[in-house]
Every structure is written in C-alpha cells, then in structure tokens.
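A.B. asks: quick check, what structure comes out for this input:
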Amino acid sequence: MEFTASHRFDRPLDQVSAAFLDPDAHVGRYDLAGDREIGILRVEAGDDLLDLTTVRTVEGDVPAMAQRIVKATNTITTTERWKRADGGCTGQSTMEASNVPGTATMEATIEADGDSACVYTIVLTLAMKVPLIGDRFVTLMRPKVMEIIDAEFEAWDRWFARSDVA
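C.D. replies: I've put the predicted structure just below:
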C-alpha cells in the first residue's frame, strides 16, 4: 500500500540536498526523533551521492488492535541511496524492522520551490507479510503511518534549525 506526503523546507535546494547527502545529518535526525542506539553500518559518500545503511532502535505507540502483529520496540535497518542531479535530489530507501512482518520502501524527491525553498516528496510503500489481512491491516494503520511520516518531517525541521546549514 502506498502513502504519499510532501513537506516544504524554507531553505534553498542546495542546503537541503547537502544535508540529505551527509550521513551525519541522517544520524542527527534519528537522534532528534528520539531513536537510540544509532549506528552506521555502511557509508559510501561523494559530492553528489550517498549510499548509507544505518541501524537504530525505535520505540513507538502501537494501537491495541495492532499489538499482536507489530511490537512497540524495533531495531530498524535502513538502506538508502541519495543522488543530487540538476534540479534536485532523489532518494530510495528500504527499511526493515525487527518486530514487524514486512518491509517499507520509499522513493523521494527534493525539488526547488523558488530560490529560497524546496519541496520534499515521498512515496512510501508498505508490504505486510501477514496472510489474509496484510493490506487491510495497513489500511487500518493509515493514521499512525501518516503520524510517523509527519514526525520524520518534523525531525528534519529540527535538525535544520540546529545545524550549521541553517
């Protein structure tokens, strides 16, 4: 099931792209989101490219109806690739959680919105490996998934507010 969301950064594209190509920015964002035991498993960085694999522990509120399928504490392994090109930045990510029977993939774009802002758009696809109820379960979890997406946007905003890039 797909979820689409966009967020506007009141910062120029070059500043936002530089952050998304910086492994320390990703670690900082995770920290600001309240994640713990954050580690970088693999990093390959260049001027216009970042291949990054991270692991972190995430705790969240799980609705009662979901607690038999999804646990509140998870170790999340994220493998992502960010690439800067003319006119923007693109990203692809795969996320696997230790106590969730499924995977999440994300396609993202960051594009200029005038000279002093840009728009970050994501398409998140969740695939639950739960026989008979997988898609229905994800549909029921839609409000929680959108809350998590909004929290990710907020963590990036807080990172920019605290960074030297700001």
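A.B. asks: would you confirm that Leu50 contacts Glu44?
C.D. replies: Yes - between Leu50 and Glu44 there is a contact under CB atoms under 8 Å: 7.5 Å. Heads up, the C-betas are built off the backbone N, CA and C, glycines and all.
A.B. asks: mind naming the longest strand for this protein?
C.D. replies: Looking across the chain with DSSP state E, the single longest strand is strand 73-85.
A.B. asks: how about it: buried residues?
C.D. replies: Asn74, Ile76, Thr77, Thr78, Thr79, Glu80, Trp82, Lys83, Arg84 (16 or more other CB atoms under 10 Å).
A.B. asks: how about TSV for those, with distance to His7 and pLDDT added?
C.D. replies: Formatted as TSV, these follow (distance: CB to CB, whole Å; pLDDT from 0 to 100):
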residue	distance to His7	pLDDT
Asn74	23	80
Ile76	20	89
Thr77	24	95
Thr78	18	95
Thr79	22	97
Glu80	17	97
Trp82	16	98
Lys83	19	97
Arg84	18	95
